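Trainee: Based on what follows, work out the 3D shape:
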Amino acid sequence: MDTYADTHPEIERYIDALWIEKGLADHTLDAYRRDLRQFDAFLGRELRGSLLGANREQLQRYLGARLAAGQSPRSTARVMSCLRGFYRYQLREGRLTVDPTLDVESPRLGRPLPKSLSEADVGRLLAAPDLDDPLGFRDRTMLELLYACGLRVSELTALQLSQVSLNQGVLRVFGKGSKERLVPMGEPALRMLQRYLAGPRAELLRGMPCDAVFPSRRGRQMTRQTFWYRIKMHARTAGISKPLSPHTLRHAFATHLLNHGADLRVVQLLLGHSDLTTTQIYTHVARQRMQDLHAEHHPRG
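Mentor: Below is the predicted model of the structure:
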């Protein structure tokens, strides 16, 4: 393990303890060492303080200085976690009697907002697959259902013929924990699915038996990874440069429903969330969109 002659000996003692007790990787230990050295340097340079003599006020000044310098709350929270571990170790070893991190809160991170697409982006993505190609027709139908129903990619690729009711216009979906829910398709997605089942699906299968609604070229259930690759391919065709995730259309489904006035509990049921708080994150996305529209179009926005 690397050693640093200009490092406080207590830092190296702590790093050695982490290595022995937790078996952390070298790059993780280096990150802890770097965080502690930077705090040690700040104490000496700015506050004429010492690592083992640091108090709550000095620690808060350091965290504030990091944020003022443009360090992200997430990075600063990681540093705070490192410092907490260091000072708890010193208490345990009897080198300190007071933990300076005890009443210092880490920066609030909040939940990351899900990435979404605008309605125009979604329109371009849905129009990207080539409907003259059976694979393209399959992909377009999958994208339509993904957006119209707010499905998870895993729910879509696992969809079986027995779960589709064209007469009622609904899908019977099995989500996380095998929880079942009924999801309406909407007219555009329903018409697309009817056309797909009436022709392109049979062209793909070429007589091979398969119960999956959306089979692969080999007549098997498509993997999530394969469909994710297809989504990215169609996004490039559509000229969409925004970062995408397998849940992008699911996020767009929820956000656009709320933007158009849907009830939060209805969106919760459609997404298959057992807890309303999981769905509430979409209200932040929708609210931001409303604020942007207000600022753009209202005379006093």
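
Trainee: Just the strands from this structure, written as ranges.
Mentor: In the chain, the strands defined using DSSP state E lie at 164-165, 170-174, 180-184.

Trainee: Redo those strands as TSV? Include mean neighbour count.
Mentor: C-beta coordinates here come from the backbone N, C-alpha and C atoms, glycine included. Listed next are those as TSV, based on neighbours: other CB atoms under 10 Å:
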stretch	mean neighbour count
strand 164-165	16
strand 170-174	19
strand 180-184	15
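
Trainee: Nearest to D26 among those strands would be which one?
Mentor: Shortest distance between D26 and the strands of the chain, using CB to CB, is found for strand 170-174: 43.8 Å.

Trainee: so which of the strands of the chain comes closest to W228?
Mentor: Closest among the strands of the chain, once you apply CB to CB, is strand 170-174, at 18.8 Å.

Trainee: before we move on, the earlier item: among the strands of the chain, show the one with the smallest mean pLDDT.
Mentor: Among those, strand 180-184 carries the lowest mean pLDDT, at a mean of 83.

Trainee: H234 versus the nearest residue to R88 once chain neighbours are set aside, what's the distance?
Mentor: With sequence-adjacent residues excluded and distances taken as CB to CB, 6 or more residues apart in numbering, R88 is closest to D99, at 6.5 Å. As for D99, its distance to H234 is 54 Å (criterion: CB to CB, to the nearest Å).

Trainee: what does G70 give?
Mentor: 37 Å.

Trainee: Tell me which of these two has more neighbours.
Mentor: Ranked by neighbour count (other CB atoms under 10 Å), G70 and H234 place H234 first, with 21 against 7.

Trainee: tell me the contacts of the residue nearest to R88?
Mentor: 84, 87-88, 91 (CB atoms under 8 Å, 6 or more residues apart in numbering).

Trainee: what stretches of the stretch 101-250 of the chain score poorly on pLDDT?
Mentor: Residue ranges of the stretch 101-250 of the chain with pLDDT under 70: 105-116, 177, 246.
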